[in-house]
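Asks: this one's sequence-less:
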């Protein structure tokens, strides 16, 4: 399940892309538009800065902005940074202890296919696909 951290991170990324004017966007503005507490956004954005999704600046004129163009971010990379693995079952998680039943597991192919579908879905979606989709025409 994708947590609020992952969902809010995507919303923040969309907000930064839609409101990009070349300047840093203040946290309070993002929080107000997205109706997310500033305190929770600070935690999320700290991880996003550490993960090189966004850059931040403090002081007057400070805030956050994207490091790259929206078309250069996949939804998968945003979610993996915020959520950790996107593995759909524990035995397929990258650091999982090898399952002693893997060679005889009749359900493993099912989980592998599902895991691949999930991975490919999120990595085929770009931030630019989501930008301005909420606007009415």
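Replies: Looks like it came in fine. From a predicted model like this one, the values you see are computed outputs, not experimental measurements. Numbers count the residues shown, from 1 in each chain.
Asks: Give me the residues contacting stretch 72-81.
Replies: The set of residues that contact stretch 72-81 without belonging to it, under C-beta atoms under 8 Å, 6 or more residues apart in numbering, is 2, 6, 9-10, 13, 47-48, 51, 53, 66, 86, 119, 122-130. The way it works is simple: take the backbone N, C-alpha and C, and place the C-beta from them, glycine included.
Asks: ditto for stretch 51-69
Replies: Contacting residues not belonging to stretch 51-69 are listed as 9, 12-13, 16-17, 20, 23-27, 29-30, 45, 48-49, 73, 77-78, 81, 128 [C-beta under 8 Å, 6+ apart].
Asks: Next: stretch 108-115.
Replies: Contact with stretch 108-115 is made by 87-89, 91-92, 102, as judged by C-beta under 8 Å, 6+ apart.
Asks: Spatially, which two of the residues you listed are the most separated?
Replies: Within the contacts of stretch 108-115, 88 and 102 form the most distant pair, 15.6 Å apart (C-beta to C-beta).
Asks: higher neighbour count, the two?
Replies: The neighbour count for residue 88 versus residue 102, taken as other C-beta atoms under 10 Å, is higher for residue 88 (17 against 9).
Asks: which SS state does the more buried one fall under?
Replies: At residue 88 the chain is in coil, as set by DSSP: H, G, I helix; E, B strand; the rest coil.
Asks: Can you point out the helix or strand that includes the most centrally placed residue in the chain?
Replies: In the chain, the C-alpha closest to the average C-alpha coordinate belongs to residue 78, at a distance of 2.5 Å (C-alpha atoms, centre = their mean). With elements taken from DSSP states H and E, the one containing residue 78 is helix 75-83.
Asks: tell me which residues in that helix are buried?
Replies: Applying a neighbour-count criterion of 16 or more other C-beta atoms under 10 Å, the buried positions in helix 75-83 are 75-82.
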